[in-house]
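Trainee: Curious how this folds, go ahead:
(one chain, ligands or ions: 1)
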Amino acid sequence: MAAMIRLFRSSSSSSSNSISLISRSLSTAAASETVKSQSYPHNPHSTSVDPKAKTVQWVFLGCPGVGKGTYASRLSTLLGVPHIATGDLVRDELKSSGPLSKQESIHKGSDKVWLAEIVNQGKLVSDEIILNLLSKRLESGEAKGEAGFILDGFPRTVRQAEILTEVTDIDLVVNLKLPERVLVEKCLGRRICSECGKNFNVASIDVAGENGAPRISMAPLNPPSQCVSKLITRADDTEAIVKERLSIYWDKSQPVEDFYRSQGKLLEFDLPGGIPESWPKLLEVLNLDEQEYKLSAAA
Ligand SMILES: Nc1ncnc2c1ncn2[C@@H]1O[C@H](COP(=O)(O)OP(=O)(O)O)[C@@H](O)[C@H]1O
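Mentor: This is a model prediction of the structure:
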């Protein structure tokens, strides 16, 4: 484990391409996905290196409900890099009725399937749409001076992982894990405040460990009183759709774990419980000292 982190640390200072290069390459990839080209054109600049870049380019993998958003967002605050969740980009596009929300995405015979329909059914959006949203997000971030990223929800297929590999180096891939029963309960308990946008969870989880694994307990993450009347549930957080998303994960996204495992970049992390138990342990395996980062940010 420690060796893997050292590998990440020694490569992170020299591996980052500029964000604009990555976003441009992703747009090119999106265009090439539109015409369904079989191979992604090799980016001739992908080996160029910014020696001054000392930032992280991490990916968070894990099933729906595992907590990718929670831990990626905490780490992004700690490390001073943006947390980019493709699920959020998709939902923002739908909320703002952006151009991609009106784009017909899949042809099934003569049926047109729209973005909202795909997301609400728990299915994967086309690579073209995801790459467009991601490259736009990276571009606008760079204009604001952002560097590095923690990606959450991308890549979700081996094809997406291959495209990402073509455009930049990923330093570390964190694979969060929880038993399936816990995942379903967590998704069903998820609530969002429609006003402030914060995430909460009303589920009280206490699940016996299987095959000698320890018991998992998670206290609810209740909203403050001002949010209680404004809570909404994601349309894709129903039991049937969560099960569909899980089955798509096993089918399409689990091979991404193998993709990064074979590159020695995968850090497996079994969550021991809720945030109070899991956060310190995650920092420990990542070899990060929270106080040190907070002090250096304040200096
Ligand atoms: N990389 C991606 N590829 C295809 N579809 C995606 C991707 N990221 C997000 N989506 C779409 O957005 C939805 C919500 O994503 P997300 O918030 O990451 O959900 P989850 O809780 O299932 O991890 C997905 O079910 C899918 O329709």
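Trainee: near the ligand, which residues of the chain?
Mentor: 64, 86-87, 90, 118-119, 122-125, 130, 153-154, 156, 160, 236, 245 (Cβ under 6 Å from any ligand atom). (Each C-beta comes from the backbone N, C-alpha and C, glycine too.)
Trainee: Distance of the residue of the stretch 151-299 of the chain found nearest the ligand relative to Gly212?
Mentor: Nearest residue of the stretch 151-299 of the chain to the ligand, counting by Cβ to the nearest ligand atom: Gly153, 3.3 Å away. Taking Cβ to Cβ, to the nearest Å as the measure, Gly153 falls 31 Å from Gly212.
Trainee: So for the two, which sits in the more crowded spot?
Mentor: Gly153 (23 against 5; other Cβ atoms under 10 Å).
Trainee: and the residue lying closest to the more buried one once chain neighbours are set aside, how many neighbours does it have?
Mentor: Distances taken as Cβ to Cβ, 6 or more residues apart in numbering place Thr86 nearest to Gly153, at 4.1 Å, with adjacent residues excluded. Counted with other Cβ under 10 Å, the neighbours of Thr86 add up to 21.
Trainee: mind listing what whichever residue of the stretch 1-150 of the chain sits closest to the ligand touches?
Mentor: Across the stretch 1-150 of the chain, the shortest distance to the ligand (Cβ to the nearest ligand atom) belongs to Gly87, at 2.0 Å. Counting by Cβ atoms under 8 Å, 6 or more residues apart in numbering, Gly87 touches Gly69, Asp152, Gly153.
Trainee: Out of the residues you listed, list just those in helices.
Mentor: Gly69 (DSSP state H).
Trainee: Mind telling me what element the residue of the stretch 1-150 of the chain closest to the ligand is part of?
Mentor: helix 86-95 (DSSP states H and E).
Trainee: Identify each buried residue in that helix, please.
Mentor: Thr86, Gly87, Asp88, Leu89, Val90, Arg91, Glu93, Leu94 (16 or more other Cβ atoms under 10 Å).
Trainee: could those residues go into CSV alongside pLDDT?
Mentor: Below are these laid out as CSV (pLDDT from 0 to 100):
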residue, pLDDT
Thr86, 97
Gly87, 96
Asp88, 95
Leu89, 96
Val90, 95
Arg91, 93
Glu93, 92
Leu94, 91
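Trainee: Could you check the pLDDT of Pro220?
Mentor: Pro220 is assigned 95 on the pLDDT scale.
Trainee: burial of it, as a residue count?
Mentor: Using other Cβ under 10 Å, Pro220 has 14 neighbouring residues.
Trainee: likewise Cys193?
Mentor: Neighbours around Cys193, by other Cβ under 10 Å: 18.
Trainee: Please name the bridge partners of it.
Mentor: Under the criterion DSSP bridges, Cys193 forms beta bridges with Leu231.
Trainee: Ser76 versus that one, what's the distance?
Mentor: Taking Cβ to Cβ, one finds Cys193 at 20 Å from Ser76.
Trainee: now swap in Glu210 and tell me
Mentor: 32 Å.
Trainee: more neighbours, the two?
Mentor: More neighbours surround Ser76 than the other of Glu210 and Ser76, with 20 against 10 (other Cβ under 10 Å).
Trainee: Okay, buried residues for the helix or strand containing that one please.
Mentor: Under the criterion of DSSP H and E, Ser76 resides in helix 68-79. Across helix 68-79, burial judged by 16+ other Cβ under 10 Å covers Lys68, Gly69, Thr70, Tyr71, Ala72, Ser73, Arg74, Leu75, Ser76, Leu78, Leu79.
Trainee: Equivalent analysis for stretch 283-292, please.
Mentor: Residues Leu283, Leu286 are the ones in stretch 283-292 that count as buried (16+ other Cβ under 10 Å).
Trainee: With pLDDT as extra columns, can I get the contacts of Gly87 in TSV?
Mentor: Below are the contacts of Gly87 laid out as TSV (pLDDT from 0 to 100):
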residue	pLDDT
Gly69	95
Asp152	98
Gly153	97
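Trainee: Among the contacts of Gly87, which one sits closest to Leu286?
Mentor: Of all the contacts of Gly87, Asp152 has the smallest distance to Leu286: 15.4 Å, by Cβ to Cβ.
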